[in-house]
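Asker: Quick one, fold the following:
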Amino acid sequence: MSAFLLTINIVGLDGGRSLPAAGHLKVLRLDTLCILGPPTSPSRQPDVSENLTMTVTLPTVLLWVVMVTDCGIAPLNNGETRIVGGEDAPAGSWPWQASLHIGSTLCGGSLISNQWVLSAAQCFPSDSDVTVYLGRNVQQGENSNEVSRSVSRVIKHLEYDDKTKENDVALLELDSPVKFTDYIRPVCLAAERSFFVDGLSCWISGWGDVQTDGVVLPPPQQLQQVSVPIVSNIQCNAAYGSITPSMICAGPSITGKGFCQKDFGGPLVTLNGSRWVQAGVASFATGCGYPKFPGVFTRVSRYQSWISEHVGENQLGFITVFSSSSQASPISILSVVLSVLVSLRPSSL
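Answerer: Down below sits the predicted model:
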């Protein structure tokens, strides 16, 4: 089996001596591996015989090591783009967005492979029939790029707690695979050890209500999108008192930006390089876009093993993402990088 050596040189802002952090990474799918630097760096496809060296200047987005299928690519989204306080999303902006119809209930979801959708466990309190729409832009009117699928099985996390919303995650297996188009594509998933810094820009999308008192989207009920920053679990817990490490929060401290009823199960994504990575699954919030109450999401990276166990990791695009801010300590960031490299090193090459 082929392998290569990845060497990371962490360089301080003072231009001082590089700190080498060498690790070995066993590559199973070299044809789909990308090494991405800071967001301004283009992705590149390494030759299988290369020994790769990356130099990273702190602070920045540190590193992506991507072993994926063709996930997280939105050809029709230029990256500049009414969930509460949001705006209309042009068709194809979020090609993994799924509209889940469970009886009379509407939830969101995300396509993670050609036959699996990720959503929230709370959306499936019973064994009701589920229809999944992909490539959909409006709930009322024609969707020329849409396909629909029935669901052959729903897998809810066995330890889901409906009261606390702990482990609010579910997988839906479609009754037949879908063909990828510019309007229907899978999202990448945040892998274990991913780190999302407070203030990191993310996006949420859905067809949910536009006000807390049940005001629905006006016709034609076009998919809505809104940009929200990550909020630290410490700050989020100050608002709710029940935030766990399996949750991640996002939302500004101003009114009018957040998710609402019927958005549950939808994706929280962030753009790294040229790929979109799902960091969270919409779970709960106090009100809809209330100030000082961020939206709470199931933290996807905590469920890599659970998702892979049911779907099969070869079908998925897990990405380990590290993000930092100008306030981050280079030593603390370096320790994270080193710990991940250790975790990636196989027992033998």
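
Asker: And residue 272, what's its pLDDT?
Answerer: Reading off the confidence values, residue 272 has pLDDT 82.

Asker: give me the beta-bridge partners of it?
Answerer: Beta bridges link residue 272 to residue 275, judged by DSSP bridges.

Asker: For residue 245, see how far away it is.
Answerer: Using CB to CB, to the nearest Å, residue 272 is found at 22 Å from residue 245. C-beta coordinates here come from the backbone N, C-alpha and C atoms, glycine included.

Asker: Please apply the same query to residue 110.
Answerer: From residue 110 over to residue 245 the distance is 22 Å, taken as CB to CB.

Asker: same check, this time on residue 315
Answerer: 27 Å.

Asker: ok, now which ones touch residue 160?
Answerer: Taking CB atoms under 8 Å, 6 or more residues apart in numbering, we find residue 160 in contact with 121, 122, 166, 167, 168, 169, 170.

Asker: Name the nearest of the residues you listed relative to residue 309.
Answerer: Residue 309 lies nearest to residue 169 out of those, by CB to CB, at 12.5 Å.

Asker: Is that closest one in contact with residue 121, as I believe?
Answerer: Yes - contact between residue 169 and residue 121 holds when scored by CB atoms under 8 Å: they sit 5.8 Å apart.

Asker: Give the intersection of the neighbour lists for those two.
Answerer: Common contact partners of residue 169 and residue 121 (CB under 8 Å, 6+ apart): 156, 157, 160.

Asker: Tell me which of those fall in helices.
Answerer: Among the shared contacts of residue 169 and residue 121, no member falls in helices (criterion: DSSP state H).

Asker: Switch these over to JSON lines; also include pLDDT and distance to residue 101.
Answerer: As requested, the shared contacts of residue 169 and residue 121 are exported to JSON lines (pLDDT from 0 to 100; distance: CB to CB, whole Å):
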{"residue": "156", "pLDDT": "97", "distance to residue 101": "18"}
{"residue": "157", "pLDDT": "97", "distance to residue 101": "22"}
{"residue": "160", "pLDDT": "97", "distance to residue 101": "21"}
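
Asker: For residue 181, state which of those is nearest.
Answerer: Nearest to residue 181 among the shared contacts of residue 169 and residue 121, counting by CB to CB, is residue 156 at 29.4 Å.

Asker: Phi, psi for the residue lying closest to the closest one once chain neighbours are set aside please.
Answerer: Closest residue to residue 156 apart from its sequence neighbours, by CB to CB, 6 or more residues apart in numbering: residue 121 at 4.3 Å. Main-chain torsions, residue 121, degrees, to the nearest 10: phi -60, psi -30.

Asker: any idea of the pLDDT on residue 121?
Answerer: Taking residue 121 on its own, its pLDDT is 97.

Asker: Please parse this structure into its domains.
Answerer: 3-63+322-344, 87-91+198-300, 97-185 (automatic domain parsing).

Asker: lowest-confidence stretch among those?
Answerer: Of all the domains of the chain, domain 3-63+322-344 carries the lowest average pLDDT, namely a mean of 39.

Asker: Would you map the helices across the stretch 201-349 of the chain?
Answerer: Per DSSP state H, counting those that start in this stretch, the stretch 201-349 of the chain carries helices over the ranges 233-240, 304-311, 330-344.

Asker: isn't residue 237 right next to residue 247, touching?
Answerer: No - with contact defined as CB under 8 Å, residue 237 does not reach residue 247; the gap is 9.1 Å.

Asker: Compare the two and say which is more crowded by neighbours.
Answerer: More crowded of residue 237 and residue 247, by other CB atoms under 10 Å: residue 247, with 25 against 15.

Asker: what residues are up against that one?
Answerer: Shown in contact with residue 247 (CB under 8 Å, 6+ apart): 165, 166, 233, 236, 283, 296, 297, 298, 299.

Asker: Roughly how far does it sit from residue 299?
Answerer: Between residue 247 and residue 299 the distance is 6 Å, computed by CB to CB.

Asker: returning to what we had before: the more surrounded of residue 110 and residue 245?
Answerer: residue 110 (25 against 8).

Asker: show me the contacts for that one.
Answerer: Contacts for residue 110 (CB under 8 Å, 6+ apart) come out as 96, 97, 98, 117, 118, 119, 187, 266, 267, 278, 281.

Asker: Point out the ones among these that are inside strands.
Answerer: If you go by DSSP state E, those have 97, 98, 117, 118, 119, 267, 278, 281 in strands.

Asker: What is the burial count for the residue lying closest to the second one once chain neighbours are set aside?
Answerer: Looking back up the chat, that one is residue 98. Take residue 98 and drop its neighbours on the chain: the residue closest to it by CB to CB, 6+ apart is residue 109, 3.7 Å away. By other CB under 10 Å, 30 other residues sit near residue 109.
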